[in-house]
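Chemist: I would like the atomic coordinates for the input below:
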Amino acid sequence: MRSVRFVTFGCKANQYDTQLLRETLRRRGWTENREADLVVINTCTVTAEAGRKARQLIRRIGRETPETRICVTGCLAESEPEVLRELPGVDWVLGNGEAKRPAHFLRQIGEEVDPEELGIPSGITEFAGHTRAFLKIQDGCNKTCAFCIIPKVRGRSRSKSADELEVEVRGLLANGFHEIVLCGIHIGHWGLDLGQNLAFLLRKLVDIDVFDENGSPRPWRLRLSSIEATEVIPSGTGDSVLAVMAEAPDRIAPHLHMPLQSGDDETLVLMNRWYTRKEYLAACDLIRGQLDRPAFTADVLVGFDGETESRFVNTLNAVHEAGFARLHVFPFSPRPGTAAANPRSLSSPAEVRDRRARLSQAASEVELIYRESLNGARETVVLEGWTGLSGRYQRVTVRPEDIEGVPPAMIEVELEVERNDSDETRLIGKPMGVEEALSQ
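Modeler: Numbering: from 1, shown residues only. Down below sits the predicted model:
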């Protein structure tokens, strides 16, 4: 077996884990192609649908290419290994944690591992198929949200050391990446097992400078992935994430994905979440007071056990009050092994569909309001061709006539809201001149 195909389901942490295994095999001469000898499927089990899609893919590969050997890893492999082992073509079911470590993975698929390889690699050097790199800074979660199976399949929070992460960031920057997304399962808990906190790590990373071939400083930025609202603001335990973001606005994207899940206090208690609606919205206000037009994105569950119309309306109103830049709406699906595995009072499928539609409509309204608030704002955009992602997590288009030659990987622009004949809006980025950019 010298050719491999990777398929990844789920979160950014899973995508990082896949890249780690990809580089492990590439160093040994393996190549990637669709008609591979080995298929590595990195799975997710957050929802029933995620598990269904993974099993469906495994069956299709086993049916269409029975000679292909399949290695299943990730959260579904941790939660239902026996089921997966019975599927056609599956030779290995490796799960998470130690099972995903490169040395163990290599041994399982029949590769010899020299003693000096046991401690390497410590990280990744690139990110296949992306212009932004995802960097996993921790794994696991110490919380016990009623709807979530992840702590059982990922274990308790474990942090990668700040020194290791600094080396990894420097390597990714040296290989041309301009944005590095710090991800994990619960990144707000980075450092708890090390006697440190996330603010400490951010301060260490924002001080990294990178230079181009002419010796000039090259711009780059960090972005935080999902983090709890209560873990961004000061907590009385020292330095805060918000303080570092406010001090380094050019180095840390003003975007925070802060899961809401529900805007109703009774539902939040049933979910075993640790904040109230008021506390969440107060955190949003505090962050807005420290950062320039920050973008808030969030996840919301619809149809959780016990959700009534009045409880749903509380969530709907909270979405408007928070003013999200983007909202991800998910229907609740009971997961075996969680506290909410056996719900007692579920809304009907028709009610859930109606509420999802109403919440999606509310999301569209607040997203438009936020997008229009950015008219005239100065932004840094990481381009992929003529479009790219701004620091505030907005898709921005740069017109070819405004740039001479090939578009740069990262560019300073002034945003303009453009509305088409269908009353749809998009953001246009007008490149700033060198003198103008330096004056800001």
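
Chemist: pLDDT below threshold where in the chain?
Modeler: 1, 115-122, 237, 433-440 (pLDDT under 70).

Chemist: let's see that with 50 instead.
Modeler: Residue ranges of the chain with pLDDT under 50: 434-440.

Chemist: using the record's assignment, carve it into domains.
Modeler: As given by automatic domain parsing, the domain ranges for the chain are 3-117, 125-253, 255-373, 378-438.

Chemist: what would the ones you listed look like in a markdown table with mean neighbour count?
Modeler: (Glycine included, C-beta is placed from N, CA and C.) Formatted as a markdown table, the domains of the chain follow (neighbours: other CB atoms under 10 Å):
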| stretch | mean neighbour count |
| --- | --- |
| domain 3-117 | 18 |
| domain 125-253 | 18 |
| domain 255-373 | 18 |
| domain 378-438 | 16 |
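
Chemist: need the contact partners of the helix of greatest length in the chain.
Modeler: For the chain, the helix with the greatest residue count under DSSP state H is helix 349-373. Here helix 349-373 makes contact (CB atoms under 8 Å, 6 or more residues apart in numbering) with 293, 295, 300, 302-303, 307, 312, 315-316, 319-320, 322-327, 329, 331-332, 347, 394, 417, 425, 427.

Chemist: C-terminal to that helix, what's the next element?
Modeler: strand 378-384 (DSSP states H and E).

Chemist: that next one packs against which elements?
Modeler: Judged by 3 or more CB pairs under 8 Å, 6 or more residues apart in numbering; DSSP states H and E, strand 378-384 is in contact with strand 387-390, strand 410-419.

Chemist: got these as CSV, with distance to residue 63 columns?
Modeler: CSV is the format used below for those (distance: least, CB to CB, whole Å):
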stretch, distance to residue 63
strand 387-390, 38
strand 410-419, 45
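
Chemist: how near is residue 313 to residue 297?
Modeler: Distance of residue 313 to residue 297, given as CB to CB, to the nearest Å: 22 Å.

Chemist: repeat that for residue 128.
Modeler: Residue 128 is 25 Å from residue 297, by CB to CB.

Chemist: kindly report the same for residue 152.
Modeler: Relative to residue 297, and taking CB to CB, residue 152 is found at 26 Å.

Chemist: distance of the residue lying closest to residue 306 once chain neighbours are set aside relative to residue 266?
Modeler: The shortest distance from residue 306 to any non-neighbouring residue, by CB to CB, 6 or more residues apart in numbering, is to residue 345 (5.0 Å). Residue 345 is 12 Å from residue 266, where distance means CB to CB.

Chemist: now do the shared contacts for those two.
Modeler: By the contact definition CB under 8 Å, 6+ apart, residue 345 and residue 266 are jointly contacted by residue 306.

Chemist: what ranges do the helices span in the stretch 251-400 of the chain?
Modeler: Secondary structure of the stretch 251-400 of the chain by DSSP state H, counting those that start in this stretch: the helices cover 265-270, 277-290, 309-322, 349-373.
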